[in-house]
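Provide a 3D model corresponding to the input given below.
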Amino acid sequence: MFIFTNTTIAFLIITAVFYILWAYIPDDVLHSIGITYHPSKYWALAIPVWISALVIFVFWMYEGFNMTLSQPYHSIYAVHDPHCRWESDLTDEQRKMPALYDLPLTQVNAAIFGGERTAEREEEKKAM
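Here you go, the predicted structure:
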């Protein structure tokens, strides 16, 4: 983790103060003080806008990159991977208490949609 030192914080504050002064003080006042070589006032707005656009772009790219790494919906790896732990993988010691393990998709579908209901629906489809 990066920890800001007092010098870094002081530098950031001084830079922010100079940036705000440069952005709000008119060019005539800067010239009368003797500051004649400075960037155009265009950059006072352009820099924050470009930084904001960059942040939004980075968030979109991060999300897009994560989507490319995910499995397609029709892939078996979307519901089963090498880290799955099935009920048959449990030892006798682990079966003594309620264990966490993955359920087969057929068992989940039967619990959600009901086994008899799907059989009834198939019979209704055949009758039509």
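
for this protein, which segments count as helices?
6-24, 27-33, 42-69, 105-113, 115-127 (DSSP state H).

of those helices, which is nearest Met97?
helix 105-113 (20.5 Å; C-beta to C-beta). Glycine gets a C-beta too; all of them are placed from N, C-alpha and C.

how close does the residue of the chain positioned farthest from its centre sit to Pro26?
Outermost residue of the chain with respect to the C-alpha centroid, by C-alpha atoms, centre = their mean, is Ser32; its distance is 49.5 Å. Distance, Ser32 to Pro26, by C-beta to C-beta, to the nearest Å: 10 Å.

quick check: Ala23 vs Phe65, distance?
Ala23 is 35 Å from Phe65, by C-beta to C-beta.

please read the previous query as pertaining to Leu100.
Distance from Leu100 to Phe65, by C-beta to C-beta: 30 Å.

redo the helices of the chain as CSV? Include mean pLDDT and distance to Ser88.
Below are the helices of the chain laid out as CSV (pLDDT from 0 to 100; distance: least, C-beta to C-beta, whole Å):
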stretch, mean pLDDT, distance to Ser88
helix 6-24, 92, 57
helix 27-33, 91, 78
helix 42-69, 94, 29
helix 105-113, 79, 13
helix 115-127, 60, 21
